[in-house]
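Peer 1: Could you work out the structure for the sequence below:
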Amino acid sequence: MGADLTTPVVVTGLGTVNALARSAVEFAHELRRGSCAIGPLTVFDPTGYRSRIAAEVMPVPEASCLPSPLRRRASRADVFAILAAEQALADSGLEVAASPHRIGVALGGTTGGMLRAEECLHARIEGRLACYRPGPLLATPISTSADLMASAFGLRGPRITVSTACSSSANALGMALDWIRLGRADAVVAGGTESLCRTIFAGFNALHALSREPCRPFDRRRSGLTLGEGAAILVLESAESAARRGARVHAELCGYGASADAHHLTAPHPEGAGAVLAMRRALARAGLEPEAIDYINAHGTGTPLNDAIEIAAIKRVFGAAARHLAVSSTKAAVGHTLGAAGAIEALATVLALRDGFLPPTVRLEEPDADCDLDCVPVHSRPATLRYALSNSYGFGGNNTTLVLGRA
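Peer 2: Numbering: from 1, shown residues only. Below you'll find the predicted structure:
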């Protein structure tokens, strides 16, 4: 199969496990309700940290589709990914057995099985573990989730794990788009997964980036982000393949753009230069003018600096058209899920396009003067959307923008 960079690529399968929902159907319902899943952190003891809240998945469902040996070894992040992939493949109706070598896996993440490694280390230090066992350590690498996913569902096509901080899973979706257009795969199971862990929580705490209360993106009282966990998986394939199978199409993935700030390890470029470039590249690859976009699912972390810079970057890209845009952050509902954020937010964007609504920025009650676009405060709204962007910006200046269109 040859390359065709204009091949329409569509989303035919959706799956998620996050703090707000255990399926795409439930996720859509809770987004429309304006629900918030942020609460007390119980995955580990947060005593001594600036913040003691998070958006956590409780209880963690069992990944019954994994054989027992793999199930015992699987980390929290692995389980999230497997469950979301199981849903997405079932939703797509894709016959994996017909051509397993033509179905790829592209997964983003940053922590992998770090939580299990931490628990193992603590048990060893405290004398509860006489020696290290291979199971928890084998589950530590970031690549394990993609490996288990391929094994669980017999996916023998190209496989990659992407780790570009908080843009990881957005990049995974973009790479999946490229694979299909380049003829390297007929379909790709793509997305991201992440679990909470002490190391990451302590890092954000040391940066004073965590809010003591649930995050308030774009609000003048915002004081930091709230961490979350979960996974989202999308099944991507060419529109021609989906039509041939008679598959239901949820949305189209029209293009993506990526850039690097080359500025600072943790702070965004003060003029949003990388964010601007990622959005412009995404629009160019999708063949769209800014005026075609109706909605942006913003990176919107709830930190004082990031939100204002992202809004300024949107204004630079869209000019006068920015005043007609809806811009919201679903991190206020599910927390900042780091490497999984791009996929979870892309899923929220797909649902908005498909079901005709604007996901709200929960807890946005007093908009900041620097965030003066329509940021969909508190409540969702019905809306007919044609095209939308999903922005993901990560530490190190990793910027990625996805363009999604209504089916």
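Peer 1: which residues of this protein fall in strands?
Peer 2: 9-18, 39-40, 53-54, 103-108, 159-162, 187-194, 230-238, 251-260, 293-297, 326-328, 357-358, 381-382, 387-394, 398-406 (DSSP state E).
Peer 1: In the chain, spot the helix with the most residues.
Peer 2: helix 76-92 (DSSP state H).
Peer 1: returning to what we had before: of all the strands of the chain, which one is nearest Pro367?
Peer 2: Each of the strands of the chain has some distance to Pro367 by CB to CB; the shortest is strand 326-328, at 11.1 Å. Every residue, glycine included, has its C-beta placed from N, CA and C.
Peer 1: who are the neighbours of that closest one, in terms of helices and strands?
Peer 2: strand 293-297 (3 or more CB pairs under 8 Å, 6 or more residues apart in numbering; DSSP states H and E).
Peer 1: so what strands line up beside the strand it packs on?
Peer 2: Sheet pairing of strand 293-297 (DSSP bridges) gives strand 326-328 (parallel), strand 387-394 (parallel).
Peer 1: How far off centre is the shortest one?
Peer 2: Going back to what we said before, that points to strand 326-328. Mean-position distance between strand 326-328 and its chain equals 17 Å (CA atoms, centre = their mean, to the nearest Å).
Peer 1: Ok, stretch 183-199 next?
Peer 2: 9 Å.
Peer 1: Quick one: the helices in the stretch 1-150 of the chain, in order.
Peer 2: According to DSSP state H, counting those that start in this stretch, the stretch 1-150 of the chain carries its helices in the segments 24-33, 68-73, 76-92, 114-125, 134-138, 144-153.
Peer 1: What are the buried residues along the second one?
Peer 2: The reference is to helix 68-73. Leu70, Arg71, Arg73 (16 or more other CB atoms under 10 Å).
Peer 1: With pLDDT and distance to Ala260 as added columns, please give these in TSV.
Peer 2: Formatted as TSV, the buried residues of helix 68-73 follow (pLDDT from 0 to 100; distance: CB to CB, whole Å):
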residue	pLDDT	distance to Ala260
Leu70	83	36
Arg71	85	38
Arg73	83	35
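Peer 1: Show me which of those is closest to Ala292.
Peer 2: Leu70 (44.6 Å).
Peer 1: Could you find the closest non-adjacent residue to the closest one?
Peer 2: Leu148 (6.1 Å; CB to CB, 6 or more residues apart in numbering).
Peer 1: Isn't that neighbour up against Pro69?
Peer 2: No - Leu148 sits out of contact with Pro69 when judged by CB atoms under 8 Å, with a separation of 11.1 Å.
Peer 1: Mutual contacts of these two, please.
Peer 2: By CB atoms under 8 Å, 6 or more residues apart in numbering, Leu148 and Pro69 have no common neighbours.
Peer 1: Lowest mean pLDDT among the helices and strands of this structure, which one is it?
Peer 2: Counting by mean pLDDT, DSSP states H and E, the weakest-scoring helix or strand in the chain turns out to be helix 134-138, with a mean of 70.
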